[in-house]
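Asks: For reference, the sequence and a predicted model appear below.
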Amino acid sequence: MEDEEVNKMTNKEAIKGLKALSKEFSGYKPNEDMFDMAIEALYKQIPMSVRTTTSTKRCGNCGRQLSGIGNLHPERRYCVKCGQAIDWGKS
Ligand SMILES: [Zn+2]
């Protein structure tokens with residue numbers, strides 16, 4: 001973690017703030033969509049654990065195959081299909 005990251009608001013904090021703020025703007029569809037999009041984008045930046053099947057590692061969000069079980073690609077930090085940040089875990 002770089003020093004400049006220390007005082008930055010985390011994605012989870014930003015999501016919490018946006019959800020609270022969105023209530024003030026609810027009842028108008030474009031506003032609701034806007035908040036949903038912002039919140040979804042923030043969620044995708046929070047690394048999500050890969051899903052392990054018997055022979056593959058898959059995106060925890062959309063299920064796309066990311067690697068074979070013994071052939072991980074930890075340099076791939078984002079799902080190529082949905083853009084979800086990936087947490088490969090310990091292996
Ligand atoms: Zn995905």
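Replies: That came in fine, so what should we check first?
Asks: Next, the contact list for Asn61, please.
Replies: Contact criterion CB atoms under 8 Å, 6 or more residues apart in numbering gives 44, 48, 79, 82, 84 as the residues in contact with Asn61. Just so you know, the C-beta spots here come from the backbone N, C-alpha and C atoms, and that holds for glycine as well.
Asks: no no, Thr54
Replies: When contacts are counted by CB under 8 Å, 6+ apart, Thr54 is found next to Ile69.
Asks: secondary structure class for it?
Replies: The assignment at Thr54 comes out as coil when based on DSSP: H, G, I helix; E, B strand; the rest coil.
Asks: Let's see the pLDDT reported for it.
Replies: You'll see Thr54 listed with a pLDDT of 95.
Asks: Give me the distance between it and the ion.
Replies: Remark: distance between Thr54 and the ion (CB to the ion, to the nearest Å) = 19 Å.
Asks: For burial, what's the neighbour tally of the nearest residue to Ser55 once chain neighbours are set aside?
Replies: Spatial nearest neighbour of Ser55, excluding adjacent residues (CB to CB, 6 or more residues apart in numbering): Ile69 at 5.4 Å. Ile69: 12 surrounding residues under other CB atoms under 10 Å.
Asks: One more: Lys16?
Replies: Should you count by other CB under 10 Å, Lys16 turns out to have 13 residues around it.
Asks: any idea which helix or strand carries it?
Replies: Assigning secondary structure by DSSP states H and E places Lys16 in helix 11-22.
Asks: could you give the mean pLDDT of that helix?
Replies: Helix 11-22 shows a mean pLDDT of 96 in the predicted model.
Asks: Local confidence estimate at the residue of the chain positioned farthest from its centre?
Replies: Relative to the mean C-alpha coordinate of the chain, counting by CA atoms, centre = their mean, the farthest residue is Gly27 (26.7 Å). The confidence metric pLDDT takes the value 94 at Gly27.
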